[in-house]
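> Below is the sequence, then the predicted model.
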Amino acid sequence: MRFLVRLFAVIGFLFVLLAGGAVALVWRHLDADEPLGERVVLTLDLEAPLAEGPPADPLSAVLSGRRGNLQDAIAALDRAGRDPRVKGVLARVGDDAHGMAATQELRDAVKRFRATGRFALAHAETFGELAENNIGYYLATAFDEIWLQPVGVVGLTGLAAEVPFARRALDRWSIQPQITKRAEYKTAFDSATESGFTPAHREMLESLVGNLAGQLVAGIAEGRKLEPAVVQGLLDRGPFTGTEAKAERLVDGFASYDEAERQARDRAGGTAELVELEDYAGRAADDTPEDAPLIAVVTGSGPIQRGDAEGLFDEGGVMSGEAVARAIDDAAARAPKAIVFRVDSPGGSAVASETIRQAVLRAKARRIPVVVSMGNVAGSGGYWVAMDADRIVAQPGTLTGSIGVIAGKVATAGLWGELGVDWGRVAAGAQAGMNSAITPFDEREWARLNALVDDTYRGFVERVAKGRNLPPERVEQIARGRVWTGAQAQEIKLVDALGGFETALRQAKALAGLPEDGRVRLAHYPEPDRALAFFADLVGDEVEAGVSSRLAARLLPLLTGQSAEGPAAMPATGRLR
């Protein structure tokens with residue numbers, strides 16, 4: 001009876017949602033049929049995070065609150081740069097929502113738009129509120145002008161990395177972490193095993209923070225037409241009040257968003273229509289020729305896991321080995337001129353990573369060039385899936401490499417003993433309790449775990465050497481679990497070129513023998529289920545972010561009475577701010 005009550009509650013909710021969505025769809029289609037005016041100013045919200053690419057499951061995207069993606073936003077902005085009706089763009093900025101590499105990709109798109117002779121204005125309520133916000137301001141500096149709401153601040157302070165170390169706390173509770181790693185720079189679990197930075201950990205973080213900070217300074221200096229030394233001095237003196245920021249030429253003036261809209265209209269001729277970028281993409285006819293060559297785009301985002309993560313109510317955030325490999329195979333079956341594989345992943349399962357790598361090799365065996373475009377992170381397993389591509393492209397701020405292996409467990413027998421809880425075990429086989437979270441590894445179990453880790457690390461290094469055409473001894477020098485920025489990775493030949501998706505697309509065209517300025521059709525894989533896409537289209541405008549972010553986590557419990565928790569989060573090793 002309880003199940004039936006829940007079932008009918010969900011059905012009723014979905015019926016109301018569907019009815020409201022149908023009205024919204026009709027209204028939106030009527031609006032989409034309305035032609036654009038002769039003068040248009042695009043508006044876009046860059047304070048909300050953008051997903052890496054189109055969702056395989058559109059309904060899940062709606063239910064989880066994902067309202068747009070980075071690739072579509074940049075494609076629409078590039079199309080607007082060829083549209084004579086579009087006179088400029090006005091963007092909301094301020095929050096650090098995208099990560100360093102994605103921010104650089106957005107900056108590149110804005111600069112391409114400006115290069116067509118159109119204006120680009122940025123408006124921020126604040127860049128941090130009595131706190132730092134470096135990356136949000138870095139994005140804003142790609143625009144012609146930056147307008148700040150009165151009372152807003154510019155939280156420009158520089159970059160810092162903070163890492164918690166909990167070893168003393170674990171010792172206090174008699175909890176024993178047993179972690180083996182290859183090699184010294186593989187620091188993902190140092191928070192549990194160490195009480196402070198190891199020399200390798202500190203060296204790596206200092207290198208990363210220093211390199212990223214240099215990119216931050218150079219970008220701000222270029223955007224605001226200041227000397228890098230001046231920008232570095234400002235970082236050392238921040239944050240700034242609005243008045244101070246204007247005096248230092250960090251912002252151009254003060255305005256509410258309504259006032260910024262009026263100024264944007266005035267620049268476009270006074271009678272310009274304000275159109276959201278997403279609406280523009282739907283209302284402006286695609287100018288790609290129907291007979292243009294086909295290039296497939298496959299997106300893999302999130303921790304890499306075995307199995308198939310596609311399905312109804314899947315919130316994304318997981319890079320499924322089977323699903324991504326199938327997407328690459330499906331793309332190759334269409335015989336495209338090339339495949340651009342977008343990767344944004346901190347790594348995960350070596351087995352699932354190898355499943356994806358094999359799909360890349362199958363595509364190459366069909367003489368289809370494969371170009372990897374790296375997002376914010378493409379490390380460990382994220383590099384494993386990329387290493388055999390014909391070309392690898394990363395942003396200067398991408399975090400990549402981490403060619404290493406880490407494994408182990410946390411034994412809690414001491415904690416249970418202090419709590420007065422005794423565990424018993426019945427096992428058939430000497431190694432049957434090897435992965436128990438209660439008892440620590442014995443000598444034989446520890447030896448077997450290390451043998452597995454050694455074999456995986458050796459295979460990783462050998463595959464990188466072959467895929468990147470580097471001597472194994474050289475790969476061993478630059479591997480050892482070390483994370484590099486994209487700029488550093490290019491210097492050591494782990495990456496071929498610096499840039500975003502557009503750079504990867506140019507590389508794909510070159511490998512396919514297509515002209516650099518030639519137009520191509522892009523086909524995204526995995527292809528969305530059309531029935532789900534239609535339903536998602538119906539309800540999309542009715543599901544607001546405040547509700548939808550919790551909706552997917554509520555539907556399954558209503559039906560089953562069970563928890564709808566997703567996979568356990570990867571351990572946090574610190575934050576870069």
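Looks like it arrived, so ask away.
> From residue 104, how far off is residue 499?
9 Å (C-beta to C-beta, to the nearest Å). Just so you know, the C-beta spots here come from the backbone N, C-alpha and C atoms, and that holds for glycine as well.
> Could you report the neighbour count for residue 168?
9 (other C-beta atoms under 10 Å).
> how about it, what does it touch?
residue 195 (C-beta atoms under 8 Å, 6 or more residues apart in numbering).
> Residue 146 reaches residue 139, doesn't it?
No: checked against C-beta atoms under 8 Å, the pair residue 146 and residue 139 is beyond contact range at 10.1 Å.
> which stretches of the stretch 51-200 of the chain have low pLDDT?
55-67 (pLDDT under 70).
> so where does residue 299 fall, helix or strand?
Taking DSSP states H and E as the criterion, residue 299 maps to strand 294-301.
> Can you name the element that comes right after that strand?
Once strand 294-301 ends, the next helix or strand along the chain (criterion: DSSP H and E) is strand 304-305.
> Would you mind pulling up the elements that that next one packs against?
strand 319-320, helix 350-365 (3 or more C-beta pairs under 8 Å, 6 or more residues apart in numbering; DSSP states H and E).
> can you pull the buried residues of stretch 222-230?
Buried positions in stretch 222-230, judged by neighbour count with 16 or more other C-beta atoms under 10 Å: 223-224, 226.
> same deal with stretch 334-347?
Those would be 336-347, for stretch 334-347 by 16+ other C-beta under 10 Å.
> starting at the chain centroid, how far to that stretch?
14 Å (C-alpha atoms, centre = their mean, to the nearest Å).
> Can you measure across it, start residue to end residue?
28 Å (C-alpha to C-alpha, to the nearest Å).
> what is the mean pLDDT for it?
Average pLDDT, stretch 334-347: 97.
> what does stretch 454-465 give?
pLDDT averaged over stretch 454-465 gives 97.
> Go ahead and name everything in contact with that stretch.
Residues contacting stretch 454-465 (C-beta under 8 Å, 6+ apart): 182-183, 350, 357, 383-384, 387-388, 403-405, 470-472, 474-476, 479, 494.
> Can you select the buried ones among those for me in PyMOL?
Buried subset of the contacts of stretch 454-465, written as a PyMOL selection, criterion 16+ other C-beta under 10 Å:
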select buried, resi 182+183+350+357+383+384+387+388+403+404+405+470+475+476+479+494
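> Count the neighbours of residue 378 for me.
33.
> and it, bridged to which residues?
Bridge pairing for residue 378 (DSSP bridges) gives the partners residue 345, residue 400.
> wouldn't it be in contact with residue 386 here?
Yes: counting by C-beta under 8 Å, residue 378 touches residue 386, with 5.9 Å between them.
> if I look at the two, which residues touch both of them?
Common neighbours of residue 378 and residue 386 (C-beta under 8 Å, 6+ apart) are 343, 372.
> Show the contacting residues for the closest residue to residue 386 other than its chain neighbours.
The shortest distance from residue 386 to any non-neighbouring residue, by C-beta to C-beta, 6 or more residues apart in numbering, is to residue 372 (4.1 Å). Residues near residue 372 by C-beta under 8 Å, 6+ apart: 340-343, 378, 385-386, 389, 391-393, 504.
> before we move on, which element is residue 372 in?
strand 370-379.
> what's the angle between that strand and helix 350-365?
Here strand 370-379 runs at an angle of 160 degrees relative to helix 350-365 (axes from the mean of the first three to the mean of the last three C-alpha atoms, to 10 degrees).
> What's the first helix or strand after strand 370-379?
helix 381-384.
> and residue 204, how far is that from residue 177?
20 Å.
> ugh, typo on my part, it should be residue 414
Taking C-beta to C-beta, one finds residue 414 at 12 Å from residue 177.
> Can you list the buried residues in the helix or strand hosting residue 262?
Element membership for residue 262, per DSSP H and E: helix 257-268. For helix 257-268, the neighbour count (16+ other C-beta under 10 Å) marks 260-261, 263-265, 267-268 as buried.
> what mean pLDDT does that helix have?
95.
> Extract the C-alpha set from the helix or strand following that helix and format it as CSV.
Sequence order places strand 273-276 as the next helix or strand after helix 257-268, per DSSP H and E. Extracted as CSV, the C-alpha positions of strand 273-276 are listed here (Å, rounded to 0.1, in the frame of the first residue of the first chain):
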residue,chain,number,x,y,z
GLU,A,273,16.5,43.4,-28.6
LEU,A,274,18.0,41.7,-25.6
VAL,A,275,18.2,37.9,-26.3
GLU,A,276,19.5,35.2,-24.0
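> Other residues contacting strand 273-276?
36-37, 39-44, 90, 261, 264-265, 283.
> go again using 6 Å as the cut-off
37, 40-43 (C-beta atoms under 6 Å, 6 or more residues apart in numbering).
> Of those, just say which sits nearest to residue 323.
residue 42 (33.6 Å; C-beta to C-beta).
> Just say helix, strand or coil for the closest one.
Recorded secondary structure, residue 42: strand (DSSP: H, G, I helix; E, B strand; the rest coil).
> still on that earlier bit, in strands only, show me the contacts of residue 372.
340-343, 378, 391-393 (DSSP state E).
> Quickly name whichever of the residues you listed is closest to residue 443.
residue 378 (37.1 Å).
> For that closest one, give its distance to residue 358.
Counting by C-beta to C-beta, the gap from residue 378 to residue 358 is 18 Å.
> Just the buried subset of the contacts of strand 273-276, written out for ChimeraX, thanks.
To isolate the buried ones among the contacts of strand 273-276 in ChimeraX, judged by 16+ other C-beta under 10 Å, type:
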select :40,41,42,43
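> Looking at the contacts of strand 273-276, which has the smallest pLDDT value?
Per-residue pLDDT puts residue 37 lowest of these, at 85.
> Just to be sure, that one is in a helix?
No: assignment of residue 37 by three-state DSSP gives coil, placing it outside any helix.
> Run through the residues that contact it.
For residue 37, the contact set (C-beta under 6 Å, 6+ apart) comprises residue 273.
> repeat that for 10 Å
85, 271-273, 275 (C-beta atoms under 10 Å, 6 or more residues apart in numbering).
> Now it: phi and psi?
Backbone torsions of residue 37, given as degrees, to the nearest 10, read phi -70, psi 180.
> and what of residue 433?
phi -100, psi 20.
> just checking, it touches residue 425?
Yes: Residue 433 is in contact with residue 425 according to C-beta atoms under 10 Å; the separation is 5.9 Å.
> These two: which has the busier surroundings?
Taking other C-beta under 10 Å, residue 433 and residue 425 do not tie; residue 433 has more neighbours (15 against 9).
> Alright, I will stop here.
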